[in-house]
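# Quick check, what structure comes out for this input:
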Amino acid sequence: MESKIEVLSTVKLSHSPDLYKIVDALNRTLKQQDLMFGLALDKEDQSKAIFTIYRT
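Coordinates of the predicted model:
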């Protein structure tokens with residue numbers, strides 16, 4: 001069985017120390033709907049974060 005992950009949306013925003021809490025809550029709440037959320041620091045600007053929504 002092949003698993004395909006599709007990027008639905010990506011947004012760049014100002015980094016905040018509590019952003020991971022939102023991503024964690026979304027992942028816990030919406031995993032049954034085959035949605036996954038990611039958060040990463042922008043490699044070029046560490047003051048920005050990249051928030052991504054995936055369909056699994």
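
# who's in contact with stretch 7-27?
Stretch 7-27 has contacts (C-beta atoms under 8 Å, 6 or more residues apart in numbering) with 35-39, 41-42, 46-55. Where you see a C-beta, it was placed from the backbone N, CA and C, and this is true even at glycine.

# one more time with 6 Å
The set of residues external to stretch 7-27 that reach it, using C-beta atoms under 6 Å, 6 or more residues apart in numbering, is 37, 39, 47-55.

# go on, stretch 49-56?
By C-beta under 6 Å, 6+ apart, stretch 49-56 touches 5-13, 15, 19, 34, 36-42.

# returning to what we had before: mind checking which of the contacts of stretch 7-27 are in strands?
Mapping those onto strands (DSSP state E) picks out 37, 39, 48-55.

# From the contacts of stretch 49-56, keep the buried residues only.
Buried members of the contacts of stretch 49-56, scored by 16 or more other C-beta atoms under 10 Å, are 36-37, 39.
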